[in-house]
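S.K.: show me how the following folds:
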Amino acid sequence: MNRRHFVSLSSLATASIPFSQIKQSTLKPIVLSTWDAGLQANKAAWTILGKGGKAIDAVEKAAMEIEATTNCCVGLGANPDRDGKVTLDACIMDEHANCGSVAFLERIKHPVSVARRLMEKTPHVMLVGEGAQQFAIKEGFNLEPQILSTEAEKAYKQWLEKSEYKPIINIERTNEHGPFAPTILDDGSWNHDTIGIIALDSNGNLSGSCTTSGMGFKMRGRLGDSSIIGAGLFVDNEVGAATATGQGEDIIRVCGSHIVVEMMRLGLSPTMACKKAVERIIQKKGAAAAKKIQAGFIAINKKGEYGGFAIQKGFRFAVCTLENNHQLIESKYLL
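M.R.: Numbering: from 1, shown residues only. Predicted coordinates:
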């Protein structure tokens, strides 16, 4: 996603809109995606949802749209691990509770599609590392060159000068370095991101996907929440769907997306359900430590109501409905 493309896409949306000013939709279809790149993802999803297509197809296409970008922290153009290699994680889940997940996957352009193929063609839920790559190749996915994008190579060389692990919160937002460009900032911190997508189609069925390259310069083999069903993503077609972004280790500790869906099952609105998951993280982490991290959730229930909540100010998510076309919303937050 180059800067010119992103600027033209952003013209589809208003400036960031306070959540309290958004009219909630009870119409189908609807799609939500995390962060600013969600505008691009939702546009791709809407080519399917807007024609009465299935949510599972929409969330896969949305994730693929972002995975294909070369200047983004999702996909093969992202920051590498500390050994200089890009590893990708993704999962997908449909209305029947079928799910597929891949992790520590190298040299495959669309991990979300490998996850879907795993879901549909095998009895397994998750494949990792070499096994995931072998499955992808067997299924006809191309093995891409093991090279870094120009931006990622520059960032990696700069990181090697100090080799400090110093992520910064909310850097996933568009900034002067370009949207999601894998660069190191002046204070030595770097950006990272996950994109999570959840959708409700015109038939009333829910699905979700989540894809990431994980934190830049992570330890070799590190795995966050994004490919873990119940942590980074969860769908229950009787209740709703939720996905997460942010500090993966802390989202895993509370099975964050599963908490959100279960809170909606108990009758909470999507916004309040996301808040409960955020509160659980802060309870486990402690308020002082939680101030140093970010974690956010978005959710849709069966009525088409949606919401989001984060630990700290700065989290945004994109929404597209029949009533509100391609909006970027400032999430509510706790700290």
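S.K.: could you use CA atoms for every contact and neighbour count after this?
M.R.: Fine.
S.K.: list the contacts for residue 210?
M.R.: Applying CA atoms under 8 Å, 6 or more residues apart in numbering to residue 210 gives the contacts 63, 90-92, 112, 194-197, 226-227, 232-233, 243.
S.K.: helix or strand for the nearest residue to it once chain neighbours are set aside, just tell me which one.
M.R.: The spatially closest residue to residue 210, leaving aside those adjacent along the chain, is residue 196, at 4.2 Å (CA to CA, 6 or more residues apart in numbering). In this assignment (DSSP states H and E), residue 196 forms part of strand 194-200.
S.K.: that strand pairs with which strands, parallel or anti?
M.R.: strand 30-34 (antiparallel), strand 206-212 (antiparallel) (DSSP bridges).
S.K.: where do the strands sit along the stretch 1-150 of the chain?
M.R.: Here the stretch 1-150 of the chain has its strands, by DSSP state E, counting those that start in this stretch, at 17-18, 30-34, 88-93, 99-105, 126-128.
S.K.: make a markdown table out of these and add distance to residue 334.
M.R.: Below are the strands of the stretch 1-150 of the chain laid out as a markdown table (distance: least, CA to CA, whole Å):
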| stretch | distance to residue 334 |
| --- | --- |
| strand 17-18 | 15 |
| strand 30-34 | 18 |
| strand 88-93 | 28 |
| strand 99-105 | 31 |
| strand 126-128 | 33 |
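S.K.: what's the closest of the ones you listed to residue 302?
M.R.: strand 30-34 (10.6 Å; CA to CA).
S.K.: how far off centre is that closest one?
M.R.: Relative to the centre of its chain, strand 30-34 is centred 10 Å away, using CA atoms, centre = their mean, to the nearest Å.
S.K.: swap in stretch 238-247?
M.R.: Distance, stretch centre to chain centre, for stretch 238-247: 10 Å (CA atoms, centre = their mean).
S.K.: closest one of the contacts of residue 210 to residue 135?
M.R.: So of the contacts of residue 210, ranked by how close each gets to residue 135 (CA to CA), first place is residue 112, at 13.2 Å.
S.K.: what's the burial count for that closest one?
M.R.: Residue 112 has 30 neighbours, counted by other CA atoms under 10 Å.
S.K.: of the strands of the stretch 1-150 of the chain, which is nearest residue 264?
M.R.: Among the strands of the stretch 1-150 of the chain, strand 30-34 comes nearest to residue 264, with 16.6 Å by CA to CA.
S.K.: okay, now the unreliable bits of the stretch 151-300 of the chain?
M.R.: Along the stretch 151-300 of the chain, segments meeting pLDDT under 70 span 165-193.
S.K.: try it again with 80
M.R.: 163-193 (pLDDT under 80).
S.K.: tell me where it has helices.
M.R.: In the stretch 151-300 of the chain, the helices defined using DSSP state H, counting those that start in this stretch lie at 248-253, 256-265, 270-285, 287-290.
S.K.: tabulate the CA atom coordinates of the shortest one in PDB.
M.R.: When you say that, I think you mean helix 287-290. Extracted in PDB, the C-alpha atoms of helix 287-290 (Å, rounded to 0.1, in the frame of the first residue of the first chain):
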ATOM      1  CA  ALA A 287      -2.600  -0.900  36.100                       C
ATOM      2  CA  ALA A 288       1.000   0.400  36.100                       C
ATOM      3  CA  ALA A 289       2.300  -2.300  33.700                       C
ATOM      4  CA  ALA A 290      -0.800  -2.000  31.500                       C
END
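S.K.: any idea what the closest residue to residue 319 other than its chain neighbours is bridged to?
M.R.: What sits nearest to residue 319 in space, not counting adjacent residues and going by CA to CA, 6+ apart, is residue 32, at 4.6 Å. Residue 32 has these beta-bridge partners by DSSP bridges: residue 198, residue 319.
S.K.: residue 32: how many residues sit nearby?
M.R.: Neighbour tally, residue 32, other CA under 10 Å: 33.
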